[in-house]
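[1] everything below, folded, please.
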Amino acid sequence: MPCDIVLSVPRSPHYDVVVIGAGMIGAACAHALTERGMTVAVVDRGPVAGGTTGAGEGNLLVSDKVPGSELELALESQRLWRELAESLGADALEYEAKGGLVVAKDLQSLGALQGLAARQREAGVEAVPVPADALGELEPHLAPALAGGVLYPQDAQVQPALAAATLLRAARDTGRAELLAGTAVTALAEGRVETDTRGTLHCGAVVNAAGTWGGEIAALAGAALPILPRRGFVLVTEPLPPLVRHKVYAADYVADVASGSADLQSSGVVEGTAAGPVLIGASRERVGFDRSLAVPVLARLAAQAAELFPVLRDVRVMRAYRGFRPYLPDHLPAIGPDPRRPWLLQACGHEGAGIGLAPATGRLIAQLLGDEKPFMDPTPFDPARFQEEQP
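    This next block holds a predicted model:
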């Protein structure tokens, strides 16, 4: 008696886009892509937010951005973060619209701060001058001998690991995204991503959202992206009653962010959290992927925080953690298609601003892949600016 025999041949999964990296940038890209109906696989060799995102403070800042393309990206991200807080729930992100307060220790730094604020206002930033005698109304525990400051009401904060997980969950809830954690990418070519545990993933495009490790992923495709790790430490105090109302930092922090020096730089950055502990930063140094606990750096951060808030001098530090910011030489992220491999889109190199810039980065990537008109000129972020370093 004849019968039909149907052989079941395993097929490799096919996606519109494979996003490499399950940190904040990768999560934002996946969210934006699935919103436009694309199918997405998010691949990461570790867990969600297991890299730079999990070691961040969750800052959503415009206060530290000079007028230009990065500030334009930040302003759009601020708008999108507010939308996400409304649609997904502020608690699901631990979104706090706390505002930022930048303070100056002397008249010279105050003049520079006020000059920057004036330029930022012309670019659409809310920047409110605060005279020295009014600082205490905003922050009662602030040191009394400061020259003045500027209040930035648009600055906000999220809990970065929670926010990344929430965006990934929202993408998966559409039925168009899959998370492949614990899966390392071993090779890249047009139309496919080779992995160590899931075999070949066929796709139309690849987004490199691997952060500090983005250069390694680019190299798998034969591309070059000169990302270097820039180490930073954060101190976490014991739980405290509300002491710090805003994100507060010294004006010299902006110069540290813009510096290209490999040497250690630090400036006082202090902010409270909803859970009670105070977070203290910020340091920057290029020491490769050295994860050593640098006690002198921690002591320096603690001293700078106590200068801003003397009340912290007798507070216990419960722990310290470190992370590696993805540093590119011109301090701008790489966002867009590789000039020689247009199927590979870079979305990394945001240094310490990745959490804040993530939603707008995801939107830009989705618009470029969807042949939409970008909301801003992406040219300053074009990976082609590094093409001389490509083979």
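[2] what's near enough to touch residue 290?
    Residue 290 makes contact with residue 231, according to C-beta atoms under 8 Å, 6 or more residues apart in numbering. From N, CA and C alone the C-beta is placed, and that goes for glycine too.
[3] for residue 175, same thing?
    Residue 175 touches nothing, counting by C-beta under 8 Å, 6+ apart.
[4] measure the closest residue in space to residue 272 that isn't next to it in sequence to residue 282 for me?
    For residue 272, ignoring the flanking residues on the chain, the nearest one in space by C-beta to C-beta, 6 or more residues apart in numbering is residue 244 at 4.0 Å. Going from residue 244 to residue 282 by C-beta to C-beta, to the nearest Å gives 15 Å.
[5] circling back to that earlier point, number of nearby residues for the residue nearest to residue 272?
    By other C-beta atoms under 10 Å, the residues close to residue 244 number 25.
[6] swap in residue 152?
    The criterion is other C-beta under 10 Å. On that basis, residue 152 has 23 neighbouring residues.
[7] so what pLDDT did it get?
    The pLDDT attached to residue 152 in the predicted structure is 98.
[8] that one pairs with what?
    residue 100 (DSSP bridges).
[9] one more: the one 5 residues further on?
    As for beta bridges, residue 157 partners with residue 59, residue 96 under DSSP bridges.
[10] gap between it and residue 127?
    Residue 157 sits 18 Å away from residue 127, going by C-beta to C-beta.
[11] next: residue 36.
    Between residue 36 and residue 127 the computed distance is 34 Å (C-beta to C-beta).
[12] which one's more surrounded, the two?
    Neighbour comparison, residue 36 and residue 127: the larger count goes to residue 127, with 23 against 14 (by other C-beta under 10 Å).
[13] so the residue nearest to residue 272 is in which element?
    Using DSSP states H and E, residue 244 maps to neither a helix nor a strand.
[14] residues contacting it?
    Residue 244 neighbours (C-beta under 8 Å, 6+ apart): 139, 141, 270, 271, 272, 278, 309.
[15] where does the chain dip in pLDDT?
    1-12, 255-262, 388-391 (pLDDT under 70).
[16] tell me what the longest helix seen in it is packed against?
    Assignment by DSSP state H gives helix 69-88 as the longest helix of the chain. Judged by 3 or more C-beta pairs under 8 Å, 6 or more residues apart in numbering; DSSP states H and E, the packing partners of helix 69-88 are strand 59-60, helix 90-93, helix 160-173, helix 354-369.
[17] and the longest one, what does it pack onto?
    Yep, that's helix 354-369 we're talking about. Applying 3+ C-beta pairs under 8 Å, 6+ apart, one finds that helix 354-369 contacts helix 24-35, strand 59-60, helix 69-88, strand 334-337, strand 344-348.
[18] now swap in the shortest one and tell me
    Contact here means 3+ C-beta pairs under 8 Å, 6+ apart; on that basis strand 59-60 packs against helix 69-88, strand 156-157, helix 354-369.
[19] try the third one
    The criterion is 3+ C-beta pairs under 8 Å, 6+ apart, and the helices and strands that helix 160-173 contacts are helix 24-35, strand 40-44, helix 69-88, helix 90-93, strand 177-181.
[20] any chance of the helices and strands packed on helix 354-369 in JSON lines, plus distance to residue 107?
    Output for the helices and strands packed on helix 354-369, formatted as JSON lines (distance: least, C-beta to C-beta, whole Å):
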{"stretch": "helix 24-35", "distance to residue 107": "38"}
{"stretch": "strand 59-60", "distance to residue 107": "27"}
{"stretch": "helix 69-88", "distance to residue 107": "26"}
{"stretch": "strand 334-337", "distance to residue 107": "39"}
{"stretch": "strand 344-348", "distance to residue 107": "40"}
